[in-house]
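K.L.:
Here's a sequence, model it:
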Amino acid sequence: MDSQAPAPLYLGLISGTSADGIDAALVRFGARPVLVAARTVPYVPELHAAVLAHSQQDGRIDLDTLGELDVRIGHAFADAALALLETAGVAPSAVVAIGSHGQTLRHRVLPPWPFSMQVGDAAVLAERTGIATVADFRRRDVAAGGHGAPLMPAFHAAVLAHPEEPRAVLNLGGIGNLTLLPPAGPVRGFDTGPANGLMDAWCQRHTGAGYDAGGAWAASGSIDDGLLDALLAEPWFALPPPRSTGRDQFHLGWLETHLRGAVRAPADVQATLCELSARTVADALRREQPGTARLLVCGGGVHNRTLMARLAAHLPDVEVASTAAFGLDPDFVEAMGFAWLARETLAGRPGNRPEVTGARGPRVLGAIHPAGVPRD
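P.N.:
You can find the predicted model right below:
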């Protein structure tokens, strides 16, 4: 084999619990992963609204609507993949595989009938792009008794662990999740609770903006200690790992049960939600890995200066930094991770960490959809 041949290319796709768009990352895997190109493609407004409506706790959906949504999101993911390849000047034939997380609508992994449902028809994706597509990553882990989440700790361990320094990786998407990377001992990971999801929804309701840019609106308000205490009393926060959650648990309806009709300035509620995100992360990190030296942050919340400042304030002995300082674009770490998971699946290697998800053992994740003949 030519020693100068470039490392293979994979493409990762995900729309997270924030559901603000599809993150697409083209990755070359050599000695270290290299992000070749990336972009975020927003959902069209009507599709975005449908995703939000049907991913809430009380969202009801009939089979026809579910089937149509699955196919529509599959086409949206294909559009995002093809747009990225066109921008990068890369032919679909140069990509080994796509790893597609899809869009989560439900994540309910407690007995007796645990499941995690992502939509975004991978057959459509393979047919439209002509690229083999690996998808449906969570279900095998759930079938093996795990939560099917979080799945990024295996990728974080592969690229961000240090042999001497205790580290943690924090993804601040709609839901926050931590990966614990001790120098010795097992990798662990779990969801911490709401990160951006509640803040985004509250911001949308009261300002019309999809998110609180830079955390400026939260910074203009004051933390309501009574409300914060009520939110922190949610029993889920006291659960030990493995644990996972989603928008179907932490949504505006959940928040409203704690507001109880009291009149509060919307900016004060936003400040309190920001503090909730910071506190739940900091409390979990201190409890599960005391002595952490460095917290590496990725996801959209890394751009929320107020949230990052509150994290630093609650963790004065921990260096809080973006993953950018270690060569990983914080906006595309998860998309890169699903490209990596596709590679692991095709190689027949497990993609889960049983100590993270609670599965009965390592499992090769995902279903493989062979390459189709592209229409585009």
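K.L.:
which residue ranges form the helices in the protein?
P.N.:
Assigned by DSSP state H, the chain shows helices spanning 45-54, 63-88, 122-129, 138-143, 153-160, 197-207, 216-220, 225-232, 252-259, 266-288, 305-314, 333-346, 354-357.
K.L.:
hey, which of those helices is tucked in deepest?
P.N.:
Each of the helices of the chain was scored by mean neighbour count; the highest is helix 333-346, a mean of 26, by mean count of other CB atoms under 10 Å. Using the backbone N, CA and C atoms, a C-beta is placed for each residue, glycine as well.
K.L.:
helices or strands up against that helix?
P.N.:
Here helix 333-346 touches strand 9-15, strand 22-29, strand 33-41, strand 95-108, strand 133-135, helix 153-160, going by 3 or more CB pairs under 8 Å, 6 or more residues apart in numbering; DSSP states H and E.
K.L.:
do that again at 6 Å, thanks
P.N.:
On a contact count with 3 or more CB pairs under 6 Å, 6 or more residues apart in numbering; DSSP states H and E, helix 333-346 meets strand 9-15, strand 22-29, strand 95-108.
K.L.:
can you list contacts of the second one?
P.N.:
The list of residues contacting strand 22-29 from outside it, by CB atoms under 6 Å, 6 or more residues apart in numbering, reads 7, 9-15, 33-41, 77, 80-81, 84, 88, 332, 335-336, 339.
K.L.:
Mean neighbour count added to the helices and strands packed on helix 333-346, as JSON lines?
P.N.:
Below are the helices and strands packed on helix 333-346 laid out as JSON lines (neighbours: other CB atoms under 10 Å):
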{"stretch": "strand 9-15", "mean neighbour count": "28"}
{"stretch": "strand 22-29", "mean neighbour count": "25"}
{"stretch": "strand 95-108", "mean neighbour count": "25"}
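K.L.:
who wins for proximity to Arg139 among those?
P.N.:
With CB to CB as the criterion, Arg139 lies closest to strand 95-108 of the helices and strands packed on helix 333-346, at 10.9 Å.
K.L.:
got a list of what Met152 touches?
P.N.:
Applying CB under 6 Å, 6+ apart to Met152 gives the contacts Gly337.
K.L.:
Kindly report the same for Asp225.
P.N.:
Asp225 neighbours (CB under 6 Å, 6+ apart): none.
K.L.:
same thing but at 10 Å, please
P.N.:
Listed by CB atoms under 10 Å, 6 or more residues apart in numbering, the contact set of Asp225 reads 272, 275.
K.L.:
pLDDT at it, what is it?
P.N.:
Looking at Asp225, its pLDDT is 97.
K.L.:
For His101, see how far away it is.
P.N.:
To His101, Asp225 is 37 Å away according to CB to CB, to the nearest Å.
K.L.:
can you tell me which residues contact the closest residue in space to Pro42 that isn't next to it in sequence?
P.N.:
Nearest residue to Pro42 in three dimensions, chain neighbours excluded: Gly21, at 4.1 Å (CB to CB, 6 or more residues apart in numbering). By CB under 10 Å, 6+ apart, the residues touching Gly21 are 15, 39-43, 48, 76, 80, 210, 300.
K.L.:
Tell me the spacing between Thr179 and Arg188.
P.N.:
Distance, Thr179 to Arg188, using CB to CB: 7 Å.
K.L.:
Of these two, which one has the most company?
P.N.:
Thr179 (26 against 19; other CB atoms under 10 Å).
K.L.:
correct me, but that one touches Asp191?
P.N.:
No - counting by CB atoms under 10 Å, Thr179 stays clear of Asp191, with 11.1 Å between them.
K.L.:
so what's in contact with the two at the same time?
P.N.:
Residues touching both Thr179 and Asp191 comprise 150, 171, with contact defined as CB under 10 Å, 6+ apart.
K.L.:
Pick the one among the contacts of Gly21 closest to Ala201.
P.N.:
Gly210 (9.6 Å).
K.L.:
Could you tell me how far stretch 82-90 lies from the centre of the chain?
P.N.:
23 Å (CA atoms, centre = their mean, to the nearest Å).
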